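Chemist: Just to be clear, the model below is a prediction. Sequence and coordinates:
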Amino acid sequence: MSSATVSLFGSFALAALGAAGLAYTLTHPGVLVSAFDHAKATSGLSAQSPAGHSDDPLLDAQDATRTQPGTVTLPAGDYGHFRAEADINGRDIDVMVDTGASLVALTFEDARRAGILVKPSDFTHTAQTANGIARVAPVTIPRISIGDITVRNVAGVVSERGASERTLLGMSFLGRLSRVEMRGGTLVLQE
């Protein structure tokens, strides 16, 4: 077996592991919340951490550090997830960065807010979500921006109404960037 094949299988295995971890996290939030609360209580952490991050990862994501034009640094929120406020077709949408997702996966409601309208007949594919198998509608998203980064004509899917709780910023966006790097408790995105 060639090293490229081994590398490809390794990448698929890592993506599957990430998806399984995300699915477990989304379906068992109480386990993680109680563990985090216990760790926070025993460590004496206050609402403002020493690194200057609040307990609200969305607020931290909105204040993401821009180190240079075309670069955005997102702090890790609770449980290590990276959230950001993305501009999708001119609308601010709360997204979770998910390297285990092949495509940008919009909730039905977020797609509608961003002007991406789908009909029942558009739901022609299925996808594995944290809530099980769901029907999705393939779409092309005209524009997604986070800070100074903008990617156009991004492949995505829209989940059926109620099938997903959060929009996921997957590899169809991240793969178009020149750099996606996790460093300590931060995620660096570079156009």
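Modeler: Nice, thanks for sending it over.

Chemist: What segments of this structure are helices?
Modeler: 3-27, 29-43, 57-62, 108-113, 171-174 (DSSP state H).

Chemist: Confidence-wise, which of the ones you listed is weakest overall?
Modeler: Lowest mean pLDDT within the helices of the chain: helix 29-43, a mean of 38.

Chemist: Tell me if I'm right that residue 82 and residue 72 touch.
Modeler: No. Counting by Cβ atoms under 8 Å, residue 82 sits too far from residue 72 to count as a contact (10.5 Å). Glycine gets a C-beta too; all of them are placed from N, C-alpha and C.

Chemist: What residues does the nearest residue to residue 152 once chain neighbours are set aside make contact with?
Modeler: In space, and not counting its chain neighbours, residue 152 is closest to residue 143: 5.3 Å by Cβ to Cβ, 6 or more residues apart in numbering. Residue 143 makes contact with 87-90, 150-152, 154, according to Cβ atoms under 8 Å, 6 or more residues apart in numbering.

Chemist: Let's see if you can find the most crowded of those.
Modeler: residue 88 (26 neighbours; other Cβ atoms under 10 Å).

Chemist: Check what pLDDT residue 96 gets.
Modeler: 94.

Chemist: what's across from it in the sheet?
Modeler: Going by DSSP bridges, residue 96 is paired in beta bridges with residue 83, residue 168.
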